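A.B. asks: sequence first, predicted model second:
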Amino acid sequence: MQAIRSLFMPKWSSDVRLDGKTAIVTGANVGIGKETAKDLAGRGARVILACRDMAKGEQAARDIMREVKAAKVVARQLDLADTKSICQFAENIYNTEKALHYLINNAGVAICPHSLTVDGYEMQFGVNHLGHFFLTFLLLDLLKHSAPSRVINLSSATHAMGKIQFDDLSGEKNYHPFRAYAQSKLANVLFTREMAKRTEALGVMTYCVDPGVVNTEITRHIVRPLVDIIKTFSFVLKTPAEGAHTTIYCAVTPENQLLTGGYYKDCASAQSCRAGQDDGTALKLWAVSCHLLGIRWR
């Protein structure tokens, strides 16, 4: 079984240090986000855990500091379903941090019943895409000031089953949990693609990551029989630490070995689906996102 599992788990490692660097990881209290934060802290980076639940965020910070010698980790409150919370988080970062070298947009919700964010957006599109889009917009000045810097957006292979429903982004006409999730993951790919064109000259590189099929709490909204089937084939499931490898790869690999706007899987360059390479849709999504959020981002 271990031999079979090794076929699905490419090996990668790096001893690159990140001393003097600052990173933000959203959704860092559990799963891939927590493992990413722990790895970056182990490389000497100052890591800010951006978490909706502060009790869990502070516990995660304590866990990392206990496991990683001399770790520099703090937890900060961030609710990506509330633009007011995003604004408050960004203001706190500008008040407390002199630099930001890595923004890792890791947090997400998946395949949940229809609900709305505080601002009235469909929850999965609102958190997975709009929340991170707005957060990145607000922190861009600090990322530019700290250049070279990187933004890493976590997507999923399910983006290939997504379609941007511009006439029903709220899901009010025809909501399906999985379709809404796939749409939000496609939006992550398109956001990465369009942002790369706008920020490369500013020294801010952008990468999109497919972490693979990872055994995390994100399955909590999936019906129990399907979860049981997935876990029957646990040898193809990555642990959260394994799921974090490609994110870390995109954080520490020299820029001349990466393509800004690129899609990465299993610690290597990969191809997103055809819809994820549609520049017209990417540009339209950018304009619609700015309109919904009431911002101007040229």
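C.D. replies: Arrived safely.
A.B. asks: in space, what's closest to residue 102 - neighbours in sequence excluded?
C.D. replies: Nearest non-adjacent residue to residue 102, counting by C-beta to C-beta, 6 or more residues apart in numbering: residue 23, 3.8 Å away. Just so you know, the C-beta spots here come from the backbone N, C-alpha and C atoms, and that holds for glycine as well.
A.B. asks: surely that neighbour and residue 49 touch.
C.D. replies: No - using C-beta atoms under 8 Å as the test, residue 23 is too far from residue 49 to be in contact (9.8 Å).
A.B. asks: what is in contact with the two at once?
C.D. replies: residue 37 (C-beta atoms under 8 Å, 6 or more residues apart in numbering).
A.B. asks: list the buried ones in stretch 248-267?
C.D. replies: 248-253, 258, 260-267 (16 or more other C-beta atoms under 10 Å).
A.B. asks: what is whichever strand or helix holds residue 199 packed up against?
C.D. replies: Taking DSSP states H and E as the criterion, residue 199 maps to helix 177-199. Secondary-structure packing of helix 177-199 (3 or more C-beta pairs under 8 Å, 6 or more residues apart in numbering; DSSP states H and E): helix 123-124, helix 132-145, strand 149-154, strand 204-210, helix 279-293.
A.B. asks: indicate which one of those is closest to residue 61.
C.D. replies: helix 132-145 (19.5 Å; C-beta to C-beta).
A.B. asks: sorry, back to before: redo the helices and strands packed on helix 177-199 as JSON lines? Include mean pLDDT and distance to residue 175.
C.D. replies: Output for these, formatted as JSON lines (pLDDT from 0 to 100; distance: least, C-beta to C-beta, whole Å):
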{"stretch": "helix 123-124", "mean pLDDT": "98", "distance to residue 175": "10"}
{"stretch": "helix 132-145", "mean pLDDT": "98", "distance to residue 175": "21"}
{"stretch": "strand 149-154", "mean pLDDT": "98", "distance to residue 175": "23"}
{"stretch": "strand 204-210", "mean pLDDT": "98", "distance to residue 175": "25"}
{"stretch": "helix 279-293", "mean pLDDT": "98", "distance to residue 175": "18"}
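A.B. asks: closest to residue 80 out of those?
C.D. replies: helix 132-145 (6.8 Å).
A.B. asks: which positions within that closest one qualify as buried?
C.D. replies: For helix 132-145, by 16+ other C-beta under 10 Å, it's 132-140, 142-143.
A.B. asks: do the same with stretch 146-166
C.D. replies: 146, 149-162, 164-165.
A.B. asks: got it, and stretch 291-298?
C.D. replies: 292-293.
A.B. asks: same check on stretch 188-201?
C.D. replies: 188-196, 199.
A.B. asks: for that stretch, C-alpha coordinates in CSV please.
C.D. replies: Taking Å, rounded to 0.1, in the frame of the first residue of the first chain, the C-alpha atoms of stretch 188-201 are listed here in CSV:
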residue,chain,number,x,y,z
ASN,A,188,-9.2,31.8,-8.0
VAL,A,189,-7.4,30.7,-11.2
LEU,A,190,-8.7,33.6,-13.3
PHE,A,191,-7.9,36.1,-10.5
THR,A,192,-4.3,34.8,-10.4
ARG,A,193,-4.0,35.1,-14.2
GLU,A,194,-5.3,38.6,-14.4
MET,A,195,-3.5,39.9,-11.4
ALA,A,196,-0.2,38.7,-12.7
LYS,A,197,-0.5,41.0,-15.7
ARG,A,198,-1.1,44.0,-13.5
THR,A,199,1.5,43.5,-10.8
GLU,A,200,4.6,41.8,-12.3
ALA,A,201,6.1,45.2,-13.2
